[in-house]
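S.K.: quick one, structure for this:
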Amino acid sequence: MKSLFDTMVYVSWHRSGKIPEKWQHAWNECAYYGTVLISEPLISEIYNQVAKTAGFESARNFVMRIKSLKGSEMFPKGEDDNLAMDAGRIRLVAKQKGMDISFVDSYLLSISKRTGARIHTTDHVIRDLARIVKCEANYLPESELGR
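M.R.: Below you'll find the model as predicted:
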């Protein structure tokens, strides 16, 4: 099993010390038997979000922790394989549909499309775009993260 988790899942983990309950099973399954795919743009956004509230050192330590997890894998390995162009196309599709999406989120969708990994997200725009670009997304509203 391969999975992608969006930025706020990691930020929530940093703040509360745990993965949201809804995704605990998927996280554990990937951590022990599968793969959690991580991209450099995602790492950049996680670092930025954590550093805003916890400082640079805490953000650096957290990112290093994520990168060192047993089931984590940086994607892509080596060459980009045009993921950035696909992510750009997804952003344009989003704009045409009246949706606003960050580069990082469009990159997550591009990776999901390429690998078949499921995206776990708190962002309804990612959920909605996943349907459009034919990716699988598991949605939890951000208001329910603490539950």
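
S.K.: rest of the way, CA atoms for contacts and neighbours
M.R.: Noted.

S.K.: what residue of this protein is the furthest out?
M.R.: Outermost residue of the chain with respect to the C-alpha centroid, by CA atoms, centre = their mean, is Gln96; its distance is 22.8 Å.

S.K.: contacting residues around that residue?
M.R.: With CA atoms under 8 Å, 6 or more residues apart in numbering as the criterion, no residue contacts Gln96.

S.K.: which phi and psi does it have?
M.R.: When read as degrees, to the nearest 10, the backbone of Gln96 gives phi -60, psi -30.

S.K.: low-confidence ranges in the chain?
M.R.: Applying pLDDT under 70 to the chain flags the ranges 78-81, 147.

S.K.: in it, which spans are helices?
M.R.: Chain-ordered helices for the chain, with DSSP state H as the definition, fall at 7-16, 21-33, 40-54, 56-68, 83-96, 103-115, 124-133.

S.K.: TSV for the ones you listed, including distance to Met74?
M.R.: As requested, the helices of the chain are exported to TSV (distance: least, CA to CA, whole Å):
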stretch	distance to Met74
helix 7-16	15
helix 21-33	14
helix 40-54	7
helix 56-68	8
helix 83-96	13
helix 103-115	11
helix 124-133	21
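
S.K.: ok, how many other residues are close to His25?
M.R.: If you count neighbours by other CA atoms under 10 Å, His25 ends up with 12.

S.K.: equivalent analysis for Thr53, please.
M.R.: 11.

S.K.: same deal with the one 4 residues further on?
M.R.: For Glu57, the tally of surrounding residues (other CA under 10 Å) stands at 12.

S.K.: same thing with Glu45?
M.R.: A count of neighbours around Glu45, defined by other CA under 10 Å, yields 18.
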